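Got a predicted structure plus its sequence, pasted below:
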Number of protein chains: 4
Amino acid sequence: MEHEDKLISLRDALREFTAARDWRQFHSPKNLAMALIVEAAELVEQFQWMTPEQSMALNAEQLAAVRDEVADTLIYLVEIADVLNIDLIAAARDKMAKNAIKYPLP
Amino acid sequence: MEHEDKLISLRDALREFTAARDWRQFHSPKNLAMALIVEAAELVEQFQWMTPEQSMALNAEQLAAVRDEVADTLIYLVEIADVLNIDLIAAARDKMAKNAIKYPLP
Amino acid sequence: MEHEDKLISLRDALREFTAARDWRQFHSPKNLAMALIVEAAELVEQFQWMTPEQSMALNAEQLAAVRDEVADTLIYLVEIADVLNIDLIAAARDKMAKNAIKYPLP
Amino acid sequence: MEHEDKLISLRDALREFTAARDWRQFHSPKNLAMALIVEAAELVEQFQWMTPEQSMALNAEQLAAVRDEVADTLIYLVEIADVLNIDLIAAARDKMAKNAIKYPLP
(Lines give C-alpha, C1' and ligand atoms only; values in the text may rest on other atoms or scores of the structure.)
Protein backbone atom coordinates (compact mmCIF):
# COMPACT_ATOMS: atom_id res chain seq x y z
CA MET A 1 0.00 0.00 0.00
CA GLU A 2 1.36 3.35 -0.94
CA HIS A 3 1.11 5.10 2.39
CA GLU A 4 1.44 2.09 4.63
CA ASP A 5 3.18 2.90 7.86
CA LYS A 6 6.89 2.08 7.70
CA LEU A 7 7.01 0.56 11.17
CA ILE A 8 4.07 -1.70 10.31
CA SER A 9 5.82 -2.80 7.14
CA LEU A 10 8.97 -3.50 9.12
CA ARG A 11 6.96 -5.51 11.62
CA ASP A 12 5.42 -7.55 8.82
CA ALA A 13 8.82 -8.23 7.27
CA LEU A 14 10.13 -9.36 10.65
CA ARG A 15 7.13 -11.65 11.14
CA GLU A 16 7.89 -13.29 7.83
CA PHE A 17 11.62 -13.55 8.55
CA THR A 18 10.99 -15.16 11.92
CA ALA A 19 8.29 -17.54 10.74
CA ALA A 20 10.41 -18.74 7.82
CA ARG A 21 13.15 -19.76 10.26
CA ASP A 22 10.77 -21.27 12.81
CA TRP A 23 12.10 -18.87 15.46
CA ARG A 24 8.73 -17.79 16.81
CA GLN A 25 8.93 -20.54 19.44
CA PHE A 26 11.89 -18.70 21.05
CA HIS A 27 10.33 -15.24 20.90
CA SER A 28 8.64 -14.90 24.25
CA PRO A 29 8.66 -11.36 25.65
CA LYS A 30 11.17 -12.52 28.27
CA ASN A 31 13.60 -13.83 25.67
CA LEU A 32 13.11 -10.86 23.35
CA ALA A 33 13.80 -8.44 26.21
CA MET A 34 17.09 -10.27 26.78
CA ALA A 35 17.96 -10.10 23.08
CA LEU A 36 17.06 -6.40 23.05
CA ILE A 37 19.38 -5.51 25.91
CA VAL A 38 22.19 -7.52 24.35
CA GLU A 39 21.89 -5.36 21.24
CA ALA A 40 21.62 -2.18 23.32
CA ALA A 41 24.86 -3.24 25.03
CA GLU A 42 26.57 -3.70 21.67
CA LEU A 43 25.61 -0.09 21.02
CA VAL A 44 26.98 0.98 24.40
CA GLU A 45 30.20 -0.89 23.60
CA GLN A 46 30.84 1.37 20.60
CA PHE A 47 31.03 4.36 22.92
CA GLN A 48 32.49 2.96 26.13
CA TRP A 49 35.99 4.41 25.86
CA MET A 50 35.05 7.56 23.95
CA THR A 51 34.56 10.96 25.49
CA PRO A 52 31.06 12.39 24.92
CA GLU A 53 32.68 14.74 22.39
CA GLN A 54 34.26 11.88 20.46
CA SER A 55 30.89 10.14 20.33
CA MET A 56 29.55 13.17 18.46
CA ALA A 57 32.28 12.99 15.81
CA LEU A 58 32.28 9.40 14.60
CA ASN A 59 34.23 8.41 11.52
CA ALA A 60 32.52 6.47 8.73
CA GLU A 61 33.52 3.07 10.08
CA GLN A 62 32.34 3.87 13.60
CA LEU A 63 29.07 5.28 12.30
CA ALA A 64 28.42 2.15 10.23
CA ALA A 65 28.95 -0.03 13.31
CA VAL A 66 26.65 2.16 15.41
CA ARG A 67 24.01 2.12 12.66
CA ASP A 68 23.98 -1.68 12.70
CA GLU A 69 23.55 -1.82 16.48
CA VAL A 70 20.79 0.81 16.43
CA ALA A 71 19.10 -1.31 13.74
CA ASP A 72 19.35 -4.51 15.78
CA THR A 73 17.89 -2.73 18.80
CA LEU A 74 14.94 -1.46 16.76
CA ILE A 75 14.37 -4.91 15.29
CA TYR A 76 13.97 -6.52 18.71
CA LEU A 77 11.91 -3.60 19.96
CA VAL A 78 9.49 -4.04 17.06
CA GLU A 79 9.35 -7.78 17.72
CA ILE A 80 8.62 -7.47 21.42
CA ALA A 81 5.94 -4.86 20.70
CA ASP A 82 4.45 -7.22 18.13
CA VAL A 83 4.19 -10.26 20.38
CA LEU A 84 2.62 -8.08 23.08
CA ASN A 85 0.34 -6.27 20.63
CA ILE A 86 1.72 -2.86 21.63
CA ASP A 87 1.49 0.06 19.21
CA LEU A 88 4.99 1.51 19.51
CA ILE A 89 4.14 5.01 18.35
CA ALA A 90 1.05 5.30 20.52
CA ALA A 91 3.01 4.00 23.51
CA ALA A 92 5.78 6.56 22.94
CA ARG A 93 3.23 9.38 22.55
CA ASP A 94 1.48 8.39 25.79
CA LYS A 95 4.83 8.21 27.59
CA MET A 96 5.81 11.65 26.30
CA ALA A 97 2.59 13.04 27.75
CA LYS A 98 3.51 11.53 31.12
CA ASN A 99 7.05 12.91 30.82
CA ALA A 100 5.70 16.38 30.08
CA ILE A 101 3.94 16.30 33.46
CA LYS A 102 6.92 14.77 35.27
CA TYR A 103 9.32 17.33 33.81
CA PRO A 104 7.29 20.55 33.43
CA LEU A 105 8.66 23.40 31.38
CA PRO A 106 10.80 25.82 33.38
CA MET B 1 0.78 16.53 7.06
CA GLU B 2 -1.65 13.76 6.45
CA HIS B 3 0.73 11.03 5.44
CA GLU B 4 3.78 12.20 7.33
CA ASP B 5 5.82 9.34 8.66
CA LYS B 6 4.96 8.61 12.29
CA LEU B 7 8.55 8.04 13.35
CA ILE B 8 9.55 11.39 11.84
CA SER B 9 6.71 13.10 13.70
CA LEU B 10 7.82 11.42 16.92
CA ARG B 11 11.40 12.55 16.30
CA ASP B 12 10.20 16.11 15.78
CA ALA B 13 8.15 16.05 18.97
CA LEU B 14 11.17 14.75 20.88
CA ARG B 15 13.37 17.49 19.43
CA GLU B 16 10.91 20.07 20.67
CA PHE B 17 10.58 18.42 24.10
CA THR B 18 14.34 18.27 24.55
CA ALA B 19 15.04 21.78 23.28
CA ALA B 20 12.35 23.29 25.52
CA ARG B 21 14.11 21.78 28.56
CA ASP B 22 17.61 22.69 27.37
CA TRP B 23 18.58 19.00 27.52
CA ARG B 24 20.29 18.82 24.15
CA GLN B 25 23.62 19.61 25.83
CA PHE B 26 23.43 16.22 27.63
CA HIS B 27 22.38 14.23 24.57
CA SER B 28 25.66 13.02 23.15
CA PRO B 29 25.44 9.57 21.53
CA LYS B 30 27.47 8.19 24.45
CA ASN B 31 25.02 9.49 27.04
CA LEU B 32 21.96 8.52 25.01
CA ALA B 33 23.28 4.98 24.62
CA MET B 34 23.56 4.81 28.42
CA ALA B 35 20.01 6.14 28.85
CA LEU B 36 18.77 3.64 26.26
CA ILE B 37 20.25 0.63 28.02
CA VAL B 38 18.87 1.84 31.35
CA GLU B 39 15.38 1.79 29.83
CA ALA B 40 16.01 -1.58 28.18
CA ALA B 41 16.97 -2.90 31.63
CA GLU B 42 13.74 -1.59 33.12
CA LEU B 43 12.01 -3.68 30.48
CA VAL B 44 14.13 -6.71 31.37
CA GLU B 45 13.26 -6.15 35.04
CA GLN B 46 9.57 -6.69 34.30
CA PHE B 47 10.34 -10.22 33.13
CA GLN B 48 13.25 -11.29 35.31
CA TRP B 49 11.44 -13.68 37.63
CA MET B 50 8.78 -14.82 35.14
CA THR B 51 8.93 -18.02 33.14
CA PRO B 52 8.86 -17.45 29.37
CA GLU B 53 5.27 -18.70 29.46
CA GLN B 54 4.26 -16.17 32.12
CA SER B 55 5.82 -13.40 30.02
CA MET B 56 3.37 -14.31 27.26
CA ALA B 57 0.34 -13.97 29.55
CA LEU B 58 0.72 -10.58 31.23
CA ASN B 59 -2.13 -9.09 33.21
CA ALA B 60 -3.29 -5.54 32.50
CA GLU B 61 -1.05 -3.95 35.12
CA GLN B 62 2.03 -5.82 33.92
CA LEU B 63 1.29 -4.97 30.31
CA ALA B 64 0.92 -1.28 31.13
CA ALA B 65 4.31 -1.30 32.86
CA VAL B 66 5.92 -3.11 29.93
CA ARG B 67 4.32 -0.69 27.47
CA ASP B 68 5.88 2.27 29.31
CA GLU B 69 9.34 0.71 29.24
CA VAL B 70 9.04 -0.21 25.56
CA ALA B 71 8.05 3.42 24.95
CA ASP B 72 11.04 4.82 26.85
CA THR B 73 13.37 2.53 24.91
CA LEU B 74 11.92 3.72 21.60
CA ILE B 75 12.20 7.35 22.70
CA TYR B 76 15.94 7.10 23.35
CA LEU B 77 16.45 5.03 20.21
CA VAL B 78 14.80 7.75 18.14
CA GLU B 79 16.91 10.38 19.88
CA ILE B 80 20.21 8.62 19.33
CA ALA B 81 19.33 8.02 15.68
CA ASP B 82 18.46 11.70 15.37
CA VAL B 83 21.72 13.07 16.77
CA LEU B 84 23.64 10.69 14.50
CA ASN B 85 21.44 11.37 11.49
CA ILE B 86 20.56 7.70 11.10
CA ASP B 87 17.35 6.72 9.29
CA LEU B 88 16.02 4.06 11.67
CA ILE B 89 13.84 2.24 9.15
CA ALA B 90 16.52 2.19 6.44
CA ALA B 91 19.07 0.95 8.99
CA ALA B 92 16.74 -1.86 10.09
CA ARG B 93 16.01 -2.84 6.49
CA ASP B 94 19.74 -2.94 5.66
CA LYS B 95 20.40 -5.04 8.77
CA MET B 96 17.62 -7.45 7.86
CA ALA B 97 19.26 -7.95 4.46
CA LYS B 98 22.53 -8.80 6.22
CA ASN B 99 20.70 -11.14 8.60
CA ALA B 100 19.04 -12.93 5.68
CA ILE B 101 22.52 -13.81 4.40
CA LYS B 102 23.85 -14.71 7.84
CA TYR B 103 20.87 -16.94 8.59
CA PRO B 104 19.85 -18.46 5.22
CA LEU B 105 16.53 -20.22 4.91
CA PRO B 106 16.68 -23.91 5.72
CA MET C 1 36.63 -19.23 60.85
CA GLU C 2 39.22 -16.58 61.32
CA HIS C 3 40.74 -16.58 57.86
CA GLU C 4 37.76 -17.75 55.89
CA ASP C 5 37.57 -16.22 52.46
CA LYS C 6 35.28 -13.16 52.43
CA LEU C 7 33.65 -14.02 49.12
CA ILE C 8 32.87 -17.51 50.39
CA SER C 9 31.34 -16.05 53.55
CA LEU C 10 29.27 -13.68 51.43
CA ARG C 11 28.12 -16.58 49.26
CA ASP C 12 27.08 -18.52 52.35
CA ALA C 13 25.16 -15.55 53.75
CA LEU C 14 23.37 -15.16 50.40
CA ARG C 15 22.50 -18.87 50.34
CA GLU C 16 20.91 -18.50 53.74
CA PHE C 17 19.09 -15.28 52.81
CA THR C 18 17.68 -16.86 49.65
CA ALA C 19 16.71 -20.17 51.24
CA ALA C 20 14.93 -18.41 54.13
CA ARG C 21 12.71 -16.58 51.61
CA ASP C 22 12.18 -19.63 49.40
CA TRP C 23 13.63 -17.72 46.44
CA ARG C 24 15.94 -20.45 45.18
CA GLN C 25 13.20 -21.65 42.85
CA PHE C 26 13.53 -18.37 40.88
CA HIS C 27 17.32 -18.36 40.78
CA SER C 28 18.11 -20.12 37.53
CA PRO C 29 21.23 -18.78 35.79
CA LYS C 30 18.98 -17.23 33.13
CA ASN C 31 16.95 -15.29 35.69
CA LEU C 32 19.99 -14.30 37.74
CA ALA C 33 21.72 -12.97 34.62
CA MET C 34 18.66 -10.78 34.03
CA ALA C 35 18.69 -9.57 37.63
CA LEU C 36 22.43 -8.88 37.36
CA ILE C 37 22.11 -6.70 34.27
CA VAL C 38 19.21 -4.80 35.84
CA GLU C 39 21.50 -3.88 38.75
CA ALA C 40 24.36 -3.04 36.38
CA ALA C 41 21.98 -0.69 34.58
CA GLU C 42 21.05 1.00 37.85
CA LEU C 43 24.77 1.66 38.22
CA VAL C 44 24.96 3.01 34.66
CA GLU C 45 22.00 5.25 35.43
CA GLN C 46 23.95 7.04 38.14
CA PHE C 47 26.47 8.19 35.52
CA GLN C 48 24.38 8.65 32.39
CA TRP C 49 24.27 12.44 32.30
CA MET C 50 27.66 13.05 33.94
CA THR C 51 30.85 13.81 32.10
CA PRO C 52 33.63 11.27 32.76
CA GLU C 53 35.26 13.95 34.92
CA GLN C 54 32.12 14.41 37.02
CA SER C 55 31.93 10.66 37.54
CA MET C 56 35.35 10.86 39.19
CA ALA C 57 34.23 13.54 41.66
CA LEU C 58 31.04 12.19 43.23
CA ASN C 59 29.55 13.87 46.26
CA ALA C 60 28.64 11.82 49.32
CA GLU C 61 25.07 11.20 48.25
CA GLN C 62 26.06 10.12 44.75
CA LEU C 63 28.77 7.85 46.12
CA ALA C 64 26.33 6.18 48.52
CA ALA C 65 23.93 5.48 45.65
CA VAL C 66 26.74 4.08 43.50
CA ARG C 67 27.97 1.93 46.39
CA ASP C 68 24.51 0.35 46.73
CA GLU C 69 24.34 -0.47 43.02
CA VAL C 70 27.85 -1.90 43.00
CA ALA C 71 26.79 -4.03 45.96
CA ASP C 72 23.66 -5.32 44.24
CA THR C 73 25.69 -6.21 41.16
CA LEU C 74 28.19 -8.16 43.26
CA ILE C 75 25.38 -9.95 45.09
CA TYR C 76 23.87 -11.31 41.88
CA LEU C 77 27.29 -12.12 40.49
CA VAL C 78 28.08 -14.21 43.56
CA GLU C 79 24.69 -15.91 43.28
CA ILE C 80 25.06 -16.82 39.62
CA ALA C 81 28.57 -18.13 40.25
CA ASP C 82 27.20 -20.17 43.12
CA VAL C 83 24.40 -21.88 41.20
CA LEU C 84 26.87 -22.70 38.41
CA ASN C 85 29.60 -23.78 40.82
CA ILE C 86 32.06 -21.24 39.40
CA ASP C 87 34.97 -20.05 41.55
CA LEU C 88 34.81 -16.30 40.88
CA ILE C 89 38.41 -15.52 41.75
CA ALA C 90 39.82 -18.45 39.76
CA ALA C 91 37.65 -17.48 36.79
CA ALA C 92 38.88 -13.87 36.93
CA ARG C 93 42.51 -15.00 37.21
CA ASP C 94 42.11 -17.31 34.21
CA LYS C 95 40.49 -14.52 32.22
CA MET C 96 43.27 -12.10 33.11
CA ALA C 97 45.77 -14.62 31.75
CA LYS C 98 43.82 -14.72 28.47
CA ASN C 99 43.64 -10.92 28.41
CA ALA C 100 47.40 -10.66 28.91
CA ILE C 101 47.84 -12.64 25.67
CA LYS C 102 45.13 -10.72 23.84
CA TYR C 103 46.55 -7.35 24.87
CA PRO C 104 50.34 -7.86 25.06
CA LEU C 105 52.49 -5.23 26.72
CA PRO C 106 53.67 -2.52 24.36
CA MET D 1 51.03 -12.73 52.28
CA GLU D 2 49.54 -16.02 53.27
CA HIS D 3 46.08 -14.88 54.27
CA GLU D 4 45.80 -11.84 52.04
CA ASP D 5 42.28 -11.28 50.84
CA LYS D 6 41.74 -12.74 47.37
CA LEU D 7 39.68 -9.79 46.14
CA ILE D 8 42.41 -7.39 47.25
CA SER D 9 45.01 -9.45 45.42
CA LEU D 10 42.83 -9.45 42.31
CA ARG D 11 42.43 -5.67 42.58
CA ASP D 12 46.20 -5.26 42.83
CA ALA D 13 46.77 -7.48 39.80
CA LEU D 14 44.23 -5.44 37.83
CA ARG D 15 45.90 -2.19 38.87
CA GLU D 16 49.18 -3.49 37.54
CA PHE D 17 47.62 -4.81 34.33
CA THR D 18 45.91 -1.50 33.65
CA ALA D 19 48.88 0.69 34.53
CA ALA D 20 51.21 -1.36 32.32
CA ARG D 21 48.95 -0.67 29.33
CA ASP D 22 48.38 2.99 30.18
CA TRP D 23 44.63 2.36 30.33
CA ARG D 24 43.98 4.19 33.58
CA GLN D 25 43.20 7.35 31.62
CA PHE D 26 40.08 5.63 30.20
CA HIS D 27 38.90 4.17 33.49
CA SER D 28 36.52 6.78 34.81
CA PRO D 29 33.57 5.36 36.76
CA LYS D 30 31.31 6.36 33.87
CA ASN D 31 33.34 4.41 31.33
CA LEU D 32 33.86 1.43 33.63
CA ALA D 33 30.11 1.23 34.28
CA MET D 34 29.60 1.04 30.51
CA ALA D 35 32.25 -1.68 30.18
CA LEU D 36 30.65 -3.56 33.07
CA ILE D 37 27.20 -3.62 31.53
CA VAL D 38 28.64 -4.71 28.19
CA GLU D 39 30.13 -7.75 29.92
CA ALA D 40 26.92 -8.38 31.85
CA ALA D 41 25.11 -8.38 28.50
CA GLU D 42 27.55 -10.93 27.09
CA LEU D 43 26.53 -13.09 30.03
CA VAL D 44 22.83 -12.48 29.30
CA GLU D 45 23.48 -13.42 25.66
CA GLN D 46 24.56 -16.93 26.69
CA PHE D 47 21.10 -17.54 28.13
CA GLN D 48 18.79 -15.53 25.89
CA TRP D 49 17.22 -18.38 23.93
CA MET D 50 17.43 -20.99 26.68
CA THR D 51 14.60 -21.98 28.97
CA PRO D 52 15.38 -21.44 32.68
CA GLU D 53 15.72 -25.23 32.93
CA GLN D 54 18.27 -25.36 30.11
CA SER D 55 20.27 -22.63 31.82
CA MET D 56 20.64 -24.95 34.82
CA ALA D 57 22.05 -27.80 32.70
CA LEU D 58 24.87 -26.24 30.67
CA ASN D 59 27.27 -28.43 28.76
CA ALA D 60 31.02 -27.96 29.20
CA GLU D 61 31.38 -25.55 26.30
CA GLN D 62 28.48 -23.39 27.47
CA LEU D 63 29.79 -23.36 31.02
CA ALA D 64 33.24 -22.28 29.87
CA ALA D 65 31.71 -19.36 27.93
CA VAL D 66 29.59 -18.34 30.91
CA ARG D 67 32.60 -18.58 33.23
CA ASP D 68 34.53 -16.15 31.02
CA GLU D 69 31.68 -13.62 31.02
CA VAL D 70 31.20 -13.90 34.77
CA ALA D 71 34.94 -13.27 35.10
CA ASP D 72 34.87 -10.18 32.87
CA THR D 73 31.96 -8.79 34.87
CA LEU D 74 33.83 -9.30 38.15
CA ILE D 75 36.96 -7.68 36.69
CA TYR D 76 35.14 -4.45 35.82
CA LEU D 77 33.25 -4.51 39.10
CA VAL D 78 36.54 -4.70 41.01
CA GLU D 79 37.96 -1.90 38.88
CA ILE D 80 35.02 0.45 39.39
CA ALA D 81 35.07 -0.25 43.13
CA ASP D 82 38.79 0.49 43.13
CA VAL D 83 38.61 3.87 41.39
CA LEU D 84 35.79 4.88 43.76
CA ASN D 85 37.52 3.46 46.83
CA ILE D 86 34.55 1.19 47.63
CA ASP D 87 35.10 -1.94 49.72
CA LEU D 88 33.07 -4.46 47.71
CA ILE D 89 32.48 -6.91 50.53
CA ALA D 90 31.50 -4.24 53.05
CA ALA D 91 29.16 -2.67 50.48
CA ALA D 92 27.49 -6.03 49.80
CA ARG D 93 27.14 -6.73 53.54
CA ASP D 94 25.56 -3.31 54.12
CA LYS D 95 23.19 -3.87 51.20
CA MET D 96 22.18 -7.29 52.50
CA ALA D 97 21.28 -5.67 55.83
CA LYS D 98 19.05 -3.21 53.94
CA ASN D 99 17.52 -6.06 51.93
CA ALA D 100 16.75 -8.00 55.11
CA ILE D 101 14.61 -5.07 56.25
CA LYS D 102 13.04 -4.57 52.81
CA TYR D 103 12.18 -8.27 52.49
CA PRO D 104 11.45 -9.47 56.05
CA LEU D 105 11.25 -13.16 56.77
CA PRO D 106 7.76 -14.61 56.32
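Received it, and whenever you're ready, just let me know what you need.

pLDDT weak spots in chain A?
For chain A, the stretches with pLDDT under 70 are A:1-3.

centroid residue for it?
A:Leu74 (2.2 Å; CA atoms, centre = their mean).

how about that residue, secondary structure?
Classification of A:Leu74 by DSSP: H, G, I helix; E, B strand; the rest coil places it in helix.

So which residues on chain A come close to chain D?
Listed as neighbours of chain D in chain A under the rule CB under 8 Å from any CB of the partner chain: A:26, A:31, A:34-35, A:37-38, A:40-42, A:44-45, A:47-49. Where you see a C-beta, it was placed from the backbone N, CA and C, and this is true even at glycine.

so how far is D:Met50 from A:Ala65?
28 Å (CB to CB, to the nearest Å).

Contact residues of chain A facing chain C?
A:Met34, A:Ile37, A:Thr51, A:Pro52.

what subset of those is also close to chain B?
Restricting the residues of chain A next to chain C to those within reach of chain B (CB under 8 Å from any CB) leaves A:Met34, A:Ile37, A:Thr51, A:Pro52.

For the residues you listed, give me CSV that also has neighbour count, distance to A:Asp87 and secondary structure.
Shown next, in CSV, are those (neighbours: other CB atoms under 10 Å in any protein chain shown; distance: CB to CB, whole Å; DSSP: H, G, I helix; E, B strand; the rest coil):
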residue, neighbour count, distance to A:Asp87, secondary structure
A:Met34, 27, 23, helix
A:Ile37, 31, 22, helix
A:Thr51, 18, 38, coil
A:Pro52, 20, 33, helix
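
can you give me the strands for chain A?
Ranges of strands in chain A, per DSSP state E: none exist.

quick one: the helices in it?
All helices of chain A, identified by DSSP state H, fall at A:6-20, A:29-47, A:52-55, A:60-83, A:88-102.

if you compare the ones you listed, which one is most tucked away?
Highest mean neighbour count among the helices of chain A (mean count of other CB atoms under 10 Å in any protein chain shown): helix A:29-47, with a mean of 26.

tell me what that helix is packed against?
The helices and strands touching helix A:29-47, judged by 3 or more CB pairs under 8 Å, 6 or more residues apart in numbering or on different chains; DSSP states H and E, are helix A:60-83, helix B:29-47, helix B:52-55, helix B:60-83, helix D:29-47.

Also compute the angle for that helix relative to helix B:60-83, please.
20 degrees (axes from the mean of the first three to the mean of the last three CA atoms, to 10 degrees).

Relative to A:Asp22, how far out is the closest residue in space to A:Val66 that isn't next to it in sequence?
Nearest non-adjacent residue to A:Val66, counting by CB to CB, 6 or more residues apart in numbering or on different chains: A:Gln46, 5.1 Å away. Per CB to CB, A:Gln46 is found 32 Å from A:Asp22.

What is the neighbour count of A:Ser28?
22 (other CB atoms under 10 Å in any protein chain shown).

Skipping adjacent residues, who's closest to it in space?
Using CB to CB, 6+ apart, the closest residue to A:Ser28 is B:Pro52 (3.8 Å).

just A:Arg15 next, same as before
A:Asp82 (6.8 Å).

OK, contacts around that neighbour?
Residues in contact with A:Asp82, defined by CB atoms under 8 Å, 6 or more residues apart in numbering or on different chains, are A:Arg11, A:Leu14, A:Arg15.

I'd like the residues of chain A next to chain D as JSON lines, with distance to C:Lys102 appended.
Listed next are the residues of chain A next to chain D as JSON lines, based on distance: CB to CB, whole Å:
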{"residue": "A:Phe26", "distance to C:Lys102": "32"}
{"residue": "A:Asn31", "distance to C:Lys102": "31"}
{"residue": "A:Met34", "distance to C:Lys102": "27"}
{"residue": "A:Ala35", "distance to C:Lys102": "27"}
{"residue": "A:Ile37", "distance to C:Lys102": "25"}
{"residue": "A:Val38", "distance to C:Lys102": "22"}
{"residue": "A:Ala40", "distance to C:Lys102": "25"}
{"residue": "A:Ala41", "distance to C:Lys102": "20"}
{"residue": "A:Glu42", "distance to C:Lys102": "19"}
{"residue": "A:Val44", "distance to C:Lys102": "20"}
{"residue": "A:Glu45", "distance to C:Lys102": "16"}
{"residue": "A:Phe47", "distance to C:Lys102": "21"}
{"residue": "A:Gln48", "distance to C:Lys102": "17"}
{"residue": "A:Trp49", "distance to C:Lys102": "16"}
